[in-house]
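Colleague: Fold the following for me, if possible:
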Amino acid sequence: MPNICFYFQVHQPYRMRHYRVFDIGESTDYFDEKTNRDICRKVADKCYLPANALMLELINKHNGAFKIAYSISGVALEQFAEYTPEVLESFKKLVATGHVELLTETYYHSLAALFNPDEFREQVRLHQQATQHYFGVTPQIFRNTELIYSNGIADMVEDLGFKGMLTEGVDRILAWRSPNFVYEPHNGRGMKLLLKNYKLSDDIAFRFSQQSWNGWPLTAEKFAKWVHETDGAADTINLFMDYETIGEHQWEDTGIFDFFRSLPESIWQHPQFGFATPSEVITATPSMAKIDIPDSISWADTERDLSAWLGNPMQDNAIAWVYKFEEGLKALEDPALLHQWRKLQTSDHFYYMCTKYWSDGDVHKYFSVYDSPHDSYVIMSNILTDLAIRIKQHPNHKPRTVKVEVESTAATEEKASTKTTKEKATKKEPTKKRTTRVSK
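Modeller: Residues are numbered from 1 along each chain as shown. Okay, the predicted model is just below:
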C-alpha cells in the first residue's frame, strides 16, 4: 500500500539589520527586530494560523487517517514564542492529536554539518531540547538544513541515534532508481532514508500558480491521478516542501487552501493509497538498497547541491570567517554572545549572497530583504568585524601565548663557553701584507 508522506519545513531566520561601518565598535545590535517581527506576523496571518487550522480540521474530519510531519527550526520557535505565541499554541494542538510527527534539525538552521561536526552535534542537541520543552516529544527522524546530505553527514546522524533521515531525490544520484522507495546510507547500520519526490513536490510548491505551466490549473483530482499512476512502482510518495507554500508563496486566492482541503479524499479514491508519517513509513517499509552519496546534495535550486550557499567569493569568505570565531568565542563562556554568533550561522545569510541568474536568482531575490547580494555581504562583514573586537575586549578573553623554552643559567653559560672555544680554535691568524718595492 503506497503512502503519501507529507513533510513541511517551518523556518524563519533572524535577519540582520543594515549594520553600517560606523556601527562597528559602537553597537552590538546585529538583528532587525522590527523586520523580523513584521515578517513573522505577516506569515503567521497568511500561512501558519490558517494552514494549521486547516490541517487540524483535516485530521479531525478524517479521524487521524490524514497525517503530516514538520520540522520547526529553533530560531523560528524563538520568534513564535516572542512575536506570535498563538502560532506556537496552534502547533501544540496539532502535535497533541497524535497524528503529527516532529523532526529534529539544527537549532539555528545552519551549515554546521559541513564545517564543524562538534558544533553540528551541539545544535542538534539544542533542537531536541527545544522540541521537548515546547511539545513534550523527542523526535526520532532527522532532517538536515535544506535537506543537505552526504555519506559523511549520514554517519554523524546515525551516530546520534536517529532511526531515519530525509533528503532530496536527486536524479544524478538515483540514475534509474526511483525516490518512491526507502533506502539506506552507503555505510549505514540500520538507519533508513526517505527521498523527496521533487517533481510532485514542486508541482505544489513552485508551479501551483504558474499559468504558463502545462499542468495549470492544478486541482486535487488531477494531482491525485498523477500520484495513483505510481501504483505498483512505489512504496512511499514523499512530498517535502516549505510550509510557507500554503498561503505565503502561493497566496490564498490561487486556491491552495482548497487544494489541500480536497486532497485527502481525492487520494483515497484509490483504495491502495493512504497517508503516513516518516516514522511510520520507515517502520513499515523495508529498504530497497543502500545508496552512495559521497558529495553533498540538497533540495535547493536546479543543481540540488551546495551552490545556493557556497561557491562565490562573498559566500565562501563570510562563512569561513563565521566559523573561525568558534574556539575563541566558546572559551569566553558567554551564552548571550554565543547565541548571537550562532544566529549568524543560519544558512539564509549566505543564501542572500548568492549571485545566480535566471529562475534560481529570482527565487533568491524573493526571499532576501537586502538590495543586493553585495549589500548582504557588506552587512555581514561589518558585523563580524565588530564581533572580533568584542571577543578581543571580552573580560574572559585570554590572548594566545607563544611557548618559549627557558634554559637554566648554567646550561646557557656552558653553551656560550663552548661556542667561544670553537671560535678560538677556528680563528685564523691575520695574514701579513707583503710589500713590493718598485724601482723608479
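Colleague: domain assignment for this protein?
Modeller: According to automatic domain parsing, the chain comprises the domains 3-291, 313-393.
Colleague: between the ones you listed, which one is nearest to I297?
Modeller: Closest to I297 of the domains of the chain, according to CB to CB: domain 3-291, at 4.9 Å. All C-beta atoms are positioned from the backbone trio N, CA, C, and that covers glycine.
Colleague: For the stretch 201-350 of the chain, just list every one of the helices.
Modeller: In chain order, the stretch 201-350 of the chain shows helices spanning 220-228, 256-267, 278-284, 313-324, 326-330, 335-343, 348-351, with DSSP state H, counting those that start in this stretch as the criterion.
Colleague: For those, please prepare TSV with the additional fields mean pLDDT.
Modeller: What follows is those, written out as TSV (pLDDT from 0 to 100):
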stretch	mean pLDDT
helix 220-228	98
helix 256-267	98
helix 278-284	97
helix 313-324	97
helix 326-330	95
helix 335-343	98
helix 348-351	97
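Colleague: Ok, which of these comes nearest S298?
Modeller: helix 348-351 (10.9 Å).
Colleague: that older thread, just name the most buried of the helices of the stretch 201-350 of the chain.
Modeller: Neighbour counts averaged per stretch over the helices of the stretch 201-350 of the chain are highest for helix 348-351, at a mean of 24; criterion: mean count of other CB atoms under 10 Å.
Colleague: by contact count, what packs against that one?
Modeller: The criterion is 3 or more CB pairs under 8 Å, 6 or more residues apart in numbering; DSSP states H and E, and the helices and strands that helix 348-351 contacts are helix 313-324, helix 358-367.
Colleague: What angle do helix 313-324 and the biggest helix by length in the chain make with each other?
Modeller: If you go by DSSP state H, the chain has its longest helix at helix 373-393. When axes from the mean of the first three to the mean of the last three CA atoms, to 10 degrees is applied, the directions of helix 373-393 and helix 313-324 differ by 20 degrees.
Colleague: what comes up buried for helix 373-393?
Modeller: Neighbour counts using 16 or more other CB atoms under 10 Å place 373, 376-384, 386-388, 390-391 of helix 373-393 among the buried residues.
Colleague: Point out the other helices and strands that it packs with.
Modeller: In terms of contacts (3+ CB pairs under 8 Å, 6+ apart), helix 373-393 is packed against helix 313-324, helix 326-330, helix 335-343.
Colleague: and the angle from that helix to helix 335-343?
Modeller: Regarding helix 373-393 and helix 335-343, their directions subtend 150 degrees when assessed with the same axes, to 10 degrees.
Colleague: And helix 373-393, how far out from the chain middle?
Modeller: Computed by CA atoms, centre = their mean, to the nearest Å, the chain-centroid distance of helix 373-393 equals 21 Å.
Colleague: a markdown table for the helices of the stretch 201-350 of the chain, including distance to Y108?
Modeller: Formatted as a markdown table, the entries for the helices of the stretch 201-350 of the chain read as follows, by distance: least, CB to CB, whole Å:
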| stretch | distance to Y108 |
| --- | --- |
| helix 220-228 | 34 |
| helix 256-267 | 29 |
| helix 278-284 | 22 |
| helix 313-324 | 11 |
| helix 326-330 | 13 |
| helix 335-343 | 5 |
| helix 348-351 | 10 |
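Colleague: between the ones you listed, which gets nearest to V10?
Modeller: Using CB to CB as the measure, helix 348-351 is the one of the helices of the stretch 201-350 of the chain that comes nearest V10, at 13.7 Å.
Colleague: returning to that earlier point: can you give the contact residues for the longest helix of the chain?
Modeller: With CB atoms under 8 Å, 6 or more residues apart in numbering as the contact definition, helix 373-393 has outside contacts at 16-21, 23-25, 27-28, 30, 312, 314-315, 317-318, 321-322, 325, 328-329, 332, 337, 340-341, 344, 349, 352-355, 364, 368, 370, 397.
Colleague: just to revisit the earlier point, out of the helices of the stretch 201-350 of the chain, which gets nearest to R125?
Modeller: helix 335-343 (12.8 Å).
Colleague: So which elements touch the closest one?
Modeller: Using 3+ CB pairs under 8 Å, 6+ apart as the contact criterion, the neighbours of helix 335-343 among helices and strands are helix 326-330, helix 373-393.
Colleague: Skipping adjacent residues, who's closest to F162 in space?
Modeller: Setting aside the residues directly before and after it, F162 is nearest to F142 in space (CB to CB, 6 or more residues apart in numbering), at 4.3 Å.
Colleague: Could you say which helix or strand holds the one you found?
Modeller: strand 141-143 (DSSP states H and E).
Colleague: next structured bit after that strand?
Modeller: From strand 141-143 onward toward the C-terminus, using DSSP H and E, the following helix or strand is helix 151-159.
Colleague: Identify the residues contacting R261.
Modeller: With CB under 8 Å, 6+ apart, R261 has these contacts: L54, E57, L58.
Colleague: and stretch 19-35, average pLDDT?
Modeller: The average pLDDT for stretch 19-35 rounds to 97.
Colleague: now do stretch 195-210
Modeller: Across stretch 195-210, the per-residue pLDDT values average to 97.
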